[in-house]
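Colleague: Provided below are the primary sequence and the corresponding predicted coordinates.
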Amino acid sequence: MVQRISREEVAHVARLAQLALSEDELDAFTSQLAAVLDHAADLEALDVDDVEPSTHPFPLKNVLRIDEPGEAFEIEEVFEVAPEVEESQFRVPPILGEA
Amino acid sequence: MKATEIAEKVLSGEMSARSVVEQHLETINNIESDVNAFNIVTAEQALIDADEIDSKIASGETLGPLAGVPISVKDNLCTRGVETTCSSKILEGWIPPYNATVIEKLKDAGAVIIGKTNLDEFAMGSSTENSAFGPTRNPHNLKCVPGGSSGGSAAAVAAGFSPLALGSDTGGSIRQPAALCGVVGVKPTYGRVSRYGLVAFASSLDQIGPFANTVSDAALTLEVISGYDPRDSTSIPEKPLDISGVLNQGVEGMRIGVIEELSGKGLGGISRDVISRVEAAIKVFSNAGATVESASVPASIYGLSAYYVIAPAEASSNLARYDGIRFGPRIKAATTAETMTATRTKGFGDEVKRRIMLGTYALSAGYYDAYYGKSQRVRTLIMNDFAKAYEKFDILISPTAPTTAFPLGDKTADPMQMYMQDVCTIPSNLAGHPAMSVPFGFGEDGMPVGIQILAPAMAEQEMFRAAQVLESESGKGIE
């Protein structure tokens, strides 16, 4: 039987999700993800084309609030748990190219 | 001792909040090293909080209904000034600058938080073995899992570390561990309890709820934590919940349906001794004057499949924020992109990675309709089938979990086997309905069995009335 997800596809989604996998992990995850997708295959037999999809338990739509300034976190408290800070900003490594 | 009794004695001055907290800390000192229910025990702060309650009582101030009652909270609830890790390395050392709404409500009611409980990393799992900080063990048998993901909270209540605990339930993460540890666990209606400050896993499914030794303690705790919160846009604007007032009204004339698909006639894998407890529960309800009949929720058997597409899809989006840029640990690399990848790769455990990848795949171009779109339609189907069943029945029952607690390591190699643990609990999350687990006897192995009571949206009162009947007949809960 052809697996529902290939090793290459797992490598691709890992890249999209910003995860680096070793060769062994790639093998293990491929067969585990395939097993879950296999189980989900029992949905294929269901004809639900005329059933509306639900994104949520209740029909909530556009919950709005009045746009007025309220309490905010103390900036020092927020930066205290940040990995790297410089002059009241989050510091990051270079965004483009090599360092 | 029951939470309601503790509060009564503390309020009347018969016991001090400090002595209550000290007693519970002593129990923790004695056996926590075996159980590992906590990621952190906040003993010092708990004693400070207890002293504050005692001095308020001494000066005649009015206190809330949980005055002096120790409570453990799952470590995916933000606590200002106290490390909140979700049992993940990616949040190790993170100290939130704010409290979850439920934490504020507990404090206002006089409860004393004594610790943050262990969980499957980011609430993904059914055994608490996926914690980055080691598994929790079942107080009834230390060789067995407590269930999950709120295994630490269930174990804390079962071990007597605190009479109350909070957990979160996305696919059964309160109810299944409650069943496996022999305590009461409640998933309220979606939107009943504010999720502000609950670290998000799958936002259309997550809901916070209580654990307790008794149905009445669980009812009181739910009353305290429920209510509209403008800071959670999915919170339901409803009047305050009163359950305690109707708790003893019984089930006379109530129409109770037994979900046949989840009780051995549809899905396989539900063990014989668990089903025989459901049969015993049917007798209890009949004797108490309810009409009990077989009920059908045909699409419920597709719940597991739909859930394991929808929940990972939402998780893959929610967990994108953990990248080592604004908070939490950072694994530094040459570029920002490489830093993000290194941090996520090192910070997340295998189960979390599996679900992120599964969700990313299900949402990717070319597969979206086949997996995510289809699952959302099946979700509607399940809601429709519940609605049909509730035309004939006031509440429904089923087993909470397909088996009793299993040995550590039993299901870790096969994720699909682990996922099957939630087969009876998932449909309520997909529908947004309330459901709870009530301990009702034991399996052949001597481990606790839970009965699940399900109700339509906002019908917590009927659900709790039935739970109370079951509890009084099981001979448990009145200590």
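Modeller: Looks like it arrived, so ask away. These figures come from a predicted structure and were not determined experimentally.
Colleague: what kind of secondary structure is B:Glu257 in?
Modeller: One thing to correct before we go on: residue B:257 is Gly, not Glu. When classified by DSSP: H, G, I helix; E, B strand; the rest coil, B:Gly257 comes out as strand.
Colleague: Am I right that it is in contact with B:Lys392?
Modeller: Yes: using Cβ atoms under 8 Å, B:Gly257 is in contact with B:Lys392, at 6.7 Å. All C-beta spots, glycine's among them, are computed from the backbone N, C-alpha and C.
Colleague: The two: who's more crowded?
Modeller: Set side by side, B:Gly257 and B:Lys392 show more neighbours around B:Gly257, with 22 against 13, by other Cβ atoms under 10 Å in any protein chain shown.
Colleague: Pull up the gap between the nearest residue to the more buried one once chain neighbours are set aside and chain A, please.
Modeller: Nearest non-adjacent residue to B:Gly257, counting by Cβ to Cβ, 6 or more residues apart in numbering or on different chains: B:Ala295, 2.7 Å away. B:Ala295 sits at a distance of 20 Å from chain A (criterion: Cβ to the nearest Cβ, to the nearest Å).
Colleague: between B:Gly257 and B:Lys392, what contacts are shared?
Modeller: Common neighbours of B:Gly257 and B:Lys392, using Cβ atoms under 8 Å, 6 or more residues apart in numbering or on different chains, are B:293, B:295.
Colleague: my guess is A:Ile95 meets B:Glu338, correct?
Modeller: No: taking contacts as Cβ under 8 Å, A:Ile95 lies outside contact range of B:Glu338: 10.8 Å.
Colleague: more crowded one of these two?
Modeller: Taking neighbours as other Cβ under 10 Å, A:Ile95 and B:Glu338 compare with B:Glu338 leading, 18 against 8.
Colleague: residues touching the more buried one, list them.
Modeller: A:Pro93.
Colleague: element containing it, please.
Modeller: helix B:336-347 (DSSP states H and E).
Colleague: same deal with B:Lys283?
Modeller: Counting by DSSP H and E, B:Lys283 is found in helix B:272-287.
Colleague: Can you name every helix or strand that that helix contacts?
Modeller: strand B:255-259, strand B:291-295, strand B:395-399, strand B:435-442, strand B:448-454, helix B:460-474 (3 or more Cβ pairs under 8 Å, 6 or more residues apart in numbering or on different chains; DSSP states H and E).
Colleague: Which of those sits closest to B:Tyr419?
Modeller: Of all the helices and strands packed on helix B:272-287, strand B:395-399 sits nearest to B:Tyr419, with 16.2 Å by Cβ to Cβ.
Colleague: Any idea which residue of the stretch 301-450 of chain B lies closest to chain A?
Modeller: Closest residue of the stretch 301-450 of chain B to chain A, Cβ to the nearest Cβ: B:Gly432 (2.3 Å).
Colleague: The residue nearest to B:Gly257 bridge partners, please.
Modeller: B:Ile259 (DSSP bridges).
Colleague: Would you state the helices of chain A in chain order?
Modeller: Assigned by DSSP state H, the helices in chain A fall at A:7-16, A:23-40, A:75-80.
Colleague: mean pLDDT for these: which is lowest?
Modeller: Lowest mean pLDDT within these: helix A:75-80, at a mean of 89.
Colleague: Touching it from outside, list them.
Modeller: A:85, A:88, B:95, B:97, B:327.
Colleague: Where does confidence bottom out across these?
Modeller: Among these, pLDDT bottoms out at A:Ser88, giving 88.
Colleague: still on that earlier bit, what's the next secondary structure element after the helix holding B:Glu338?
Modeller: helix B:350-362.
Colleague: residues in contact with whatever helix or strand comes next after that following helix?
Modeller: Once the chain leaves helix B:350-362, the next helix or strand it forms, by DSSP H and E, is helix B:368. The contact list for helix B:368 (Cβ under 8 Å, 6+ apart) reads B:Ala362.
Colleague: and the spatially closest residue to the residue of the stretch 301-450 of chain B closest to chain A that is not a sequence neighbour, how far is that from B:Leu241?
Modeller: Spatial nearest neighbour of B:Gly432, chain neighbours left out: A:Pro57 (2.3 Å); criterion: Cβ to Cβ, 6+ apart. Distance, A:Pro57 to B:Leu241, by Cβ to Cβ, to the nearest Å: 18 Å.
Colleague: can you tell me which residue is nearest the centre of the chain?
Modeller: Reading this off chain A. Nearest residue to the geometric centre of chain A (Cα atoms, centre = their mean): A:Ala17, 6.4 Å.
Colleague: wait, I meant chain B there
Modeller: Most central in chain B (Cα atoms, centre = their mean) works out to B:Ile174, at 2.1 Å.
Colleague: got a list of what it touches?
Modeller: Counted by Cβ under 8 Å, 6+ apart, B:Ile174 has contacts B:150, B:153-154, B:167-168, B:185-187, B:209, B:211, B:437.
Colleague: Am I right that B:Ser168 is in a strand?
Modeller: Yes: assessed with three-state DSSP, B:Ser168 lies in a strand.
Colleague: Could you find the closest non-adjacent residue to the residue in the stretch 151-300 of chain B positioned nearest to chain A?
Modeller: Among residues of the stretch 151-300 of chain B, the one nearest chain A by Cβ to the nearest Cβ turns out to be B:Ser233. It sits 4.0 Å away. Leaving aside its chain neighbours, B:Ser233 sits nearest to A:Val63 (4.0 Å; criterion: Cβ to Cβ, 6+ apart).
Colleague: For the stretch 151-300 of chain B, which segments count as strands?
Modeller: B:164-169, B:184-187, B:207-212, B:255-259, B:291-295 (DSSP state E, counting those that start in this stretch).
Colleague: can you tell me the residue of chain A closest to chain B?
Modeller: For chain A, Cβ to the nearest Cβ, closest residue to chain B: A:Pro57, 2.3 Å.
Colleague: from what I can see that residue touches B:Pro434, true?
Modeller: No: contact criterion Cβ under 8 Å: A:Pro57 and B:Pro434 do not qualify, at 11.1 Å.
Colleague: May I see the buried residues of stretch B:178-196?
Modeller: For stretch B:178-196, a neighbour-count test (16 or more other Cβ atoms under 10 Å in any protein chain shown) marks B:178-196 as buried.
Colleague: and it, how far apart are its ends?
Modeller: End-to-end distance for stretch B:178-196, by Cα to Cα, to the nearest Å: 24 Å.
Colleague: quick check: mean pLDDT across that stretch?
Modeller: 98.
Colleague: picking that back up, from the contacts of B:Ile174, which would you call buried?
Modeller: B:150, B:153-154, B:167-168, B:185-187, B:209, B:211, B:437.
Colleague: Give me the number of neighbouring residues for residue 84.
Modeller: Assuming you mean chain A. Neighbours of A:Glu84 (other Cβ under 10 Å): 16.
Colleague: I was after chain B.
Modeller: Residues near B:Thr84, counting by other Cβ under 10 Å: 24.
Colleague: show me what contacts it?
Modeller: Taking Cβ under 8 Å, 6+ apart as the test, what B:Thr84 contacts is B:75-78, B:91, B:94-96, B:116, B:199.
Colleague: ok, and the closest non-adjacent residue to B:Met420?
Modeller: Leaving aside its sequence neighbours, B:Met420 sits nearest to B:Gly269 (Cβ to Cβ, 6+ apart; 5.8 Å).
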